[in-house]
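Student: next comes the sequence, and after it the predicted model I'd like to discuss.
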Amino acid sequence: MERQATSPTFFKVKIATYNVNGINGRLAVLLRWLELAEPDVVCLQELKAPDERFPEAAIRDLGYEAIWLGQKSWNGVAILSRVGEIHETRRGLPGEPEDAQSRYIEAAVNGVLIAGLYVPNGNPLPGPKFDYKLRWFDRLHDHLSTLIALDAPVVIAGDFNVMPTDLDVYVPDRWRDDALFAPEVRKAYARLLKQGWTDALRHLHPDERIYTFWKYWRNSFERDAGLRIDHILLNDKARARLVSAEVDRRPRGWEKTSDHAPVIVDLADKPKRKAKV
């Protein structure tokens with residue numbers, strides 16, 4: 001399908017990514033957060049539901065259109081929008097036709113091309129799951145190389161299952177042998193940035209310890225013993241409009257919630273400086 005992202009004369013949009021860790025089991029949390037945060041566009045991961053069990057009606061009742069790529073028990077991604085029609089451009093990452101895992105969806109919304117993704121975990125390593133993760137990153141690198149220079153804002157949002165640096169993980173030495181922090185995976189993420197993508201959170205908060213995921217046990221959230229594995233990447237057209245980037249920690253403290261917190265960016269056209277007379 002032809003990509004239909006074209007830059008409007010002016011826009012302002014709030015885009016979020018949220019790994020819900022089971023959309024039906026945590027639907028009340030998701031709906032509560034949507035009402036509270038009022039994001040314009042949301043990329044969801046880990047739906048853990050087949051297509052026919054996606055809760056479309058409940059989401060539409062809040063004013064959101066949706067497209068989704070489900071899978072029973074595992075994976076699953078979706079894009080929600082309350083600011084315009086969703087023009088789907090791709091479902092599934094190219095490069096490995098036999099790959100049946102639901103991990104990538106892409107669409108144009110209100111002049112922005114948005115990709116929602118869920119990178120494989122990769123554990124245990126070494127092993128076939130880790131090899132698959134590295135191949136998936138290679139495929140992602142190849143595909144994003146076709147999007148980086150589009151003449152429109154492009155946003156890549158999701159659970160990347162990688163902590164890029166020591167600053168992104170509580171007690172880094174405990175994670176050296178994990179597939180989320182392995183040198184090969186960190187290098188794969190760095191290759192994306194070398195293409196020209198900007199990590200929105202780190203761009204605006206270069207020296208701050210920011211986490212997006214906390215395990216359920218040992219009071220990890222209360223101790224702020226977390227990881228930053230959910231990222232939003234921007235091409236130059238989107239970065240030029242970046243106003244803010246933050247983690248909304250509020251839903252992580254709710255009952256029966258996901259172990260992730262949403263990441264949110266605000267994009268807007270910035271006023272042009274008047275020429276000096």
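Tutor: Done, it's in. Residues are numbered from 1 along each chain as shown.
Student: quick check: bridge partners of the spatially most central residue of the chain?
Tutor: When CA atoms, centre = their mean is applied to the chain, the residue found nearest the centroid is residue 158 (1.7 Å). With DSSP bridges as the criterion, residue 158 is bridged to residue 117, residue 231.
Student: which ones are touching it?
Tutor: Shown in contact with residue 158 (CB atoms under 8 Å, 6 or more residues apart in numbering): 17, 19, 43, 45, 77, 115, 116, 117, 118, 119, 230, 231. Just so you know, the C-beta spots here come from the backbone N, C-alpha and C atoms, and that holds for glycine as well.
Student: any chance you could map the strands in the chain?
Tutor: All strands of the chain, identified by DSSP state E, fall at 12-19, 41-45, 65-69, 77-81, 86-91, 104-109, 112-118, 154-159, 198-199, 230-234, 242-247, 263-268.
Student: mind checking those for the one nearest to residue 191?
Tutor: strand 230-234 (12.0 Å; CB to CB).
Student: output the contacting helices and strands for that closest one.
Tutor: strand 12-19, strand 154-159, strand 198-199, helix 200-204, strand 263-268 (3 or more CB pairs under 8 Å, 6 or more residues apart in numbering; DSSP states H and E).
Student: how distant is it from the center of its chain?
Tutor: Centroid separation for strand 230-234 versus its chain: 6 Å, with CA atoms, centre = their mean, to the nearest Å.
Student: just stretch 237-256 next, same as before
Tutor: That offset, for stretch 237-256, works out to 11 Å (CA atoms, centre = their mean).
Student: could you do stretch 178-197 as well?
Tutor: 15 Å.
Student: what is the mean pLDDT for that stretch?
Tutor: Mean pLDDT, stretch 178-197: 98.
Student: which outside residues touch the lengthiest helix in the chain?
Tutor: Longest helix in the chain, counting residues (DSSP state H): helix 128-144. With CB under 8 Å, 6+ apart as the test, helix 128-144 has contacts from 93-96, 99, 103-104, 115, 117, 119-124, 156, 161, 179, 182, 184-185, 188-189, 191-192, 195, 197.
Student: what do you get if the cut-off is 6 Å, keeping everything else the same?
Tutor: Helix 128-144 has contacts (CB atoms under 6 Å, 6 or more residues apart in numbering) with 93, 94, 95, 120, 122, 179, 184, 188, 191.
Student: which among those count as buried?
Tutor: 93, 120, 122, 179, 188 (16 or more other CB atoms under 10 Å).
Student: just these: which are in helices?
Tutor: residue 188.
Student: wait, which of the buried ones among the contacts of helix 128-144 is closest to residue 30?
Tutor: Nearest to residue 30 among those, counting by CB to CB, is residue 120 at 23.0 Å.
Student: once you drop chain neighbours, what's closest to the closest one?
Tutor: Closest residue to residue 120 apart from its sequence neighbours, by CB to CB, 6 or more residues apart in numbering: residue 133 at 4.3 Å.
Student: any idea of the pLDDT on that neighbour?
Tutor: The model's pLDDT for residue 133 equals 98.
Student: neighbours of it, how many?
Tutor: As a burial measure, residue 133 scores 24 neighbours (other CB atoms under 10 Å).
Student: and what of the one 5 residues further on?
Tutor: Under the neighbour criterion other CB under 10 Å, residue 138 is assigned a count of 14.
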